[in-house]
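1. when you get a sec, could you give me coordinates for this:
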Amino acid sequence: MFKKVIYILTISLIISSCGTPEEKKEMTENEKLVADSLSRVTQKRRADSLKKINPLLIMPPDSNYTGDYIDKYPSGIIKYRGYFRFGLRHGQWVSFYGSGTPWSEQSYNKGKRQGANIVYYENSKVRYKGFYRNDIRDSVWTFYDSLGLLMKTIVYKDDKEISVVDAKRSKSKK
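-> Residues are numbered from 1 along each chain as shown. Reported below is the predicted structural model:
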């Protein structure tokens, strides 16, 4: 008898727990707006905290942002200028020193560095230049001193140094 009661209770419990799942409630337009604004606030807080750790970090306003991006120094001079496509850097990006002179120029394709990369000294002379292919150094990179004189040349293949030519050593050997 006791086994029958336990058996019936177990079957009843299983049947009652197998009811139809509740259908998901559709969000109203107002609820969607509130959820979206909360998401943006959370993303902004995260970006701000990461920028405190690394002031040079570039983050889009939200993870799917598409459009122009400009960040400025407290003085109002542009620090970075570029374009985001679906939250990833895309196209030409330029960064500037606090004085307004160019610091670097880099092209991006869907968040990856692609093409020419040029970095300048604050006196506008080229510091170094080279090319990226799919976010990997892949070509001849040239490095200069602050007067614009060639210091060395490095050949990269798949981000590995293939050869290094020190300009000062090669001149002194001649």
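
2. quick check: which element contains K3?
-> Assigned by DSSP states H and E, K3 belongs to helix 2-17.

3. what mean pLDDT does that helix have?
-> Helix 2-17 comes out with an average pLDDT of 66.

4. can you give me the helices in the chain?
-> For the chain, the helices defined by DSSP state H occupy 2-17, 29-53, 167-173.

5. partner residues bridging I136?
-> In this entry, I136 is beta-bridged to R133, by DSSP bridges.

6. start at 682, not 1
-> Shifting the count to begin at 682 puts that one at I817.

7. can you check the pLDDT for it?
-> 93.

8. wait, it sits on D840?
-> Yes: using Cβ atoms under 8 Å, I817 is in contact with D840, at 4.4 Å. Using the backbone N, CA and C atoms, a C-beta is placed for each residue, glycine as well.

9. more crowded one of those two?
-> Taking neighbours as other Cβ atoms under 10 Å, I817 and D840 compare with I817 leading, 15 against 12.

10. quick check: the more buried one vs G757, distance?
-> In this view, I817 and G757 are 36 Å apart by Cβ to Cβ, to the nearest Å.

11. what does the average pLDDT come to for stretch 838-855?
-> 73.

12. can I see the domain layout of this structure?
-> The record's domain parsing of the chain by automatic domain parsing lists 710-740, 742-855.

13. adding distance to I689, write those out as a markdown table.
-> Below are the domains of the chain laid out as a markdown table (distance: least, Cβ to Cβ, whole Å):
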| stretch | distance to I689 |
| --- | --- |
| domain 710-740 | 44 |
| domain 742-855 | 54 |
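
14. please identify the deepest-packed of those.
-> Of all the domains of the chain, domain 742-855 carries the top mean neighbour count, a mean of 14, counting by mean count of other Cβ atoms under 10 Å.
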